[in-house]
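1. A structural model of the following input is requested.
(one chain, ligands or ions: 1)
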Amino acid sequence: MISTREGLTDGEGDPLSGGTSAAPALHAPAPLNAAPAPVRFDATEEESLRIQALAGSTRGWMRLARLLMRQPQLAVHAAKIAFRGASAGLRADHTLSWLIHVDTVRQVIPNGGMGATWGGLDTFMGLVAKHVARSAHALELGCGGGRVTRHIRPLVGTLVANDVSERILAGARAATGDLAPIDFRVTYGLGDDLRDQEFDAVIGHELLMQFDFDELLRYCSNIRRSLKPGGLFVASVYTFDDAAEIAQHMGMIRDHGAGARSPFRVHRMPCKTYQDIFEACGFEVVEVERSREDEYQAKKTPHTNFVLRRPAA
Ligand SMILES: C[S@@+](CC[C@H](N)C(=O)[O-])C[C@H]1O[C@@H](n2cnc3c(N)ncnc32)[C@H](O)[C@@H]1O
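-> Model prediction:
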């Protein structure tokens with residue numbers, strides 16, 4: 001994800017919190033599919049720098065206040081989502097942060113979408129292409145503005161894409177209108193609303209990082225339940241796996257806090273811990289692969305990508 005003040009320090013989590021200002025080695029990611037997107041998910045270096053400057057120039061609450069002055073109805077929208085999530089067991093909701101992020105992107109790229117400066121999809125989509133059958137009935141969890149949805153849609157038979165916000169889903173619809181149909185669904189909480197054994201594959205890019213240990217156990221158990229026996233879950237998260245990464249994460253917590261609203265509350269766990277959680281939820285680990293540093297537009301710790309299977313029997 002972004003590695004700028006725009007989003008999270010090294011690119012993860014909640015754009016409200018601002019971030020560190022490591023000089024980014026920005027480049028526009030090569031599109032993974034050929035068709036030009038109706039919404040732009042690539043940013044030039046110059047655009048990325050302007051987005052960073054905008055996001056870094058004001059504190060999160062000021063950007064929030066500005067957005068709410070222009071679109072006061074967003075306060076009710078976000079409150080509803082937070083209430084719905086909380087009543088379904090979720091402790092923190094970052095919807096307003098994502099909406100502010102999109103608002104900031106659009107000040108520079110009028111048709112820009114969520115994650116226009118994030119990059120980092122090559123390894124993840126390579127795993128989807130390698131493991132998920134072309135005929136699959138798939139679910140993309142937490143589709144955001146449709147950035148990853150665009151890459152998934154041509155690779156599967158039928159696609160459901162969900163997110164917690166109707167507003168965010170409207171962006172995803174606009175970004176994928178030129179593709180084969182996608183069934184967009186509003187979700188909430190920790191996946192209790194997923195139907196039993198509906199999907200051949202569930203795909204979640206940068207979703208699980210938003211949940212705490214116990215929340216993950218519940219969400220991943222629900223994801224397993226939503227898969228047909230033998231079905232796959234392809235997930236991408238941040239992990240910390242050596243002393244330098246732990247120190248970096250501790251630095252982010254020091255600089256940005258670790259309260260319930262902090263994006264650094266639980267955004268990272270060691271790869272082994274994620275694996276333990278997935279296995280505790282009944283998944284077999286099929287493949288684990290780290291994304292490459294050069295997939296991202298800025299200096300950051302690459303994602304760890306998991307391919308998991310619900311055992312056939
Ligand atoms: C970091 S963004 C990633 C968006 C997209 N997957 C991408 O990589 O561009 C996380 C998305 O997850 C959504 N989200 C948050 N909580 C969720 C939940 N409980 N279930 C499904 N999606 C959720 C957010 O609204 C947001 O759009």
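2. how much space between residue 123 and the ligand?
-> From residue 123 over to the ligand the distance is 13 Å, taken as Cβ to the nearest ligand atom, to the nearest Å. In short, each C-beta sits where N, CA and C put it, glycine included.
3. show me the contacts for that residue.
-> Residues in contact with residue 123, defined by Cβ atoms under 8 Å, 6 or more residues apart in numbering, are 289-292, 295, 302-303, 305.
4. ok, so of the residues you listed, who is nearest residue 232?
-> residue 305 (12.2 Å; Cβ to Cβ).
5. Could you confirm that closest one falls within a strand?
-> Yes: checked against DSSP: H, G, I helix; E, B strand; the rest coil, residue 305 lies within a strand.
6. Surely it is in contact with residue 285?
-> No: taking contacts as Cβ atoms under 8 Å, residue 305 lies outside contact range of residue 285: 11.5 Å.
7. what about those two, which has more around it?
-> When neighbours are counted by other Cβ atoms under 10 Å, residue 305 and residue 285 differ, and residue 305 comes out ahead with 21 against 13.
8. Now the element after the stretch of helix or strand residue 130 belongs to, going C-ward?
-> Assignment of secondary structure by DSSP states H and E places residue 130 within helix 122-131. Sequence-wise, the next helix or strand downstream of helix 122-131 (DSSP H and E) is strand 137-140.
9. does any part of that next one sit near the ligand?
-> No: in terms of Cβ under 6 Å from any ligand atom, no part of strand 137-140 sits within range of the ligand; the closest distance is 7.2 Å.
10. Quick check: buried residues in stretch 115-134?
-> 115-125, 127-128, 131-132 (16 or more other Cβ atoms under 10 Å).
11. next one: stretch 85-103
-> Neighbour counts over stretch 85-103 (16+ other Cβ under 10 Å) mark 85, 90, 92-103 as buried.
12. Could you identify the most distant pair in these?
-> The span of those, defined through Cβ to Cβ, is set by 90 and 103 at 23.2 Å.
13. Three-state assignment for residue 231, please.
-> Under three-state DSSP, the three-state class of residue 231 is strand.
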